[in-house]
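Novice: compute the structure for the input listed below.
(one chain, ligands or ions: 2)
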Amino acid sequence: MEYFYDLHVHSKECSGCAASTAPEQVIAAKNAGYSGFALTNHFLTGNNCVPKELSWEERVLYYWNAYLDAKKVGDEIDFDVFFGIEHNYGHAQEILIYGIDLDFLVSNPDFCSLSGEEICDRVHAVGGFVSHAHPFRERSYIPKGDYQMDFSYLDAIEIYNSGNLENEDIRAQELCKRLDIAHTAGNDLHWTEHLATFPNAGLVFDHRLRTNEDLLDALRSRKGVLRHSGDRFFK
Ligand SMILES: [Zn+2]
Ligand SMILES: [Zn+2]
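Specialist: Ligands and ions are numbered 1, 2, ... in the order given. Just a heads-up that it's a prediction; the model follows:
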């Protein structure tokens with residue numbers, strides 16, 4: 001059996017640029033043949049839509065609640081949902097963080113003032129996993145320059161992102177090989193309609209991933225096989 005997972009998904013409860021709810025993303029991904037996904041909404045320094053006047057605890061609860069909403073539907077239709085965030089650590093450079101939970105966010109209220117390297121240390125202290133999202137993406141919203149964190153702190157590189165240009169992913173794949181670290185891949189799904197037109201990317205594993213531990217073990221094993229099909233959104 002093959003089990004297909006998208007490691008990069010947004011929803012409109014938290015991500016300002018997303019158009020579908022977390023439960024809608026679950027149903028669409030299940031129908032597209034996925035076994036599960038990680039919900040990785042833009043965190044508080046990125047393109048988020050969480051009310052700024054709320055306390056830290058209230059704001060991070062938005063992320064957790066979107067995950068719980070997705071997980072509830074996922075449990076009903078036999079679809080695995082994992083909690084994650086996509087964090088902008090500066091200059092619109094982003095990292096995908098897996099294996100953390102609400103307690104972690106609540107107990108790190110200075111999170112958004114930390115460097116990418118400091119965040120990796122905090123995440124690793126609780127057994128979590130950090131992958132650099134689209135490291136070579138060039139867009140108008142990303143300042144030109146070379147401000148990126150020290151990649152030696154990372155656990156993985158995102159080697160395929162359906163919103164990238166092909167050459168951006170090729171460079172990410174070369175970087176991943178050069179660093180000799182694990183890889184992640186996903187659609188960077190922002191609305192359900194993407195699944196009809198996007199290449200439907202992710203990693204295929206030979207076993208089901210049911211828990212956070214399963215997910216992190218599988219990613220660390222580097223056995224996830226990249227799958228995508230069809231044309232890219234950008235040419
Ligand atoms: Zn976005
Ligand atoms: Zn994203």
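Novice: enumerate every residue touching the closest residue to Phe79 other than its chain neighbours.
Specialist: Spatially, and ignoring its direct neighbours in sequence, Phe79 is nearest to Lys30 (4.7 Å; CB to CB, 6 or more residues apart in numbering). From N, CA and C alone the C-beta is placed, and that goes for glycine too. Contacts of Lys30 were listed using CB atoms under 8 Å, 6 or more residues apart in numbering, and they are Gly74, Ile77, Phe79.
Novice: quick one: which of those residues is most hemmed in?
Specialist: Counting neighbours by other CB atoms under 10 Å, Gly74 leads the contacts of Lys30 with 24 neighbours.
Novice: name the SS class of that residue, please.
Specialist: helix (DSSP: H, G, I helix; E, B strand; the rest coil).
Novice: pLDDT wise, what is it at?
Specialist: At Gly74 the predicted local distance difference test score is 98.
Novice: try Leu165
Specialist: If you check Leu165, the pLDDT there is 89.
Novice: ok, now Phe233?
Specialist: You'll see Phe233 listed with a pLDDT of 63.
Novice: equivalent analysis for Leu203, please.
Specialist: pLDDT, Leu203: 98.
Novice: and the one 10 residues further on, by the same measure?
Specialist: According to the prediction, Glu213 has pLDDT 97.
Novice: cool, the one 4 residues further on as well?
Specialist: pLDDT recorded at Asp217 is 98.
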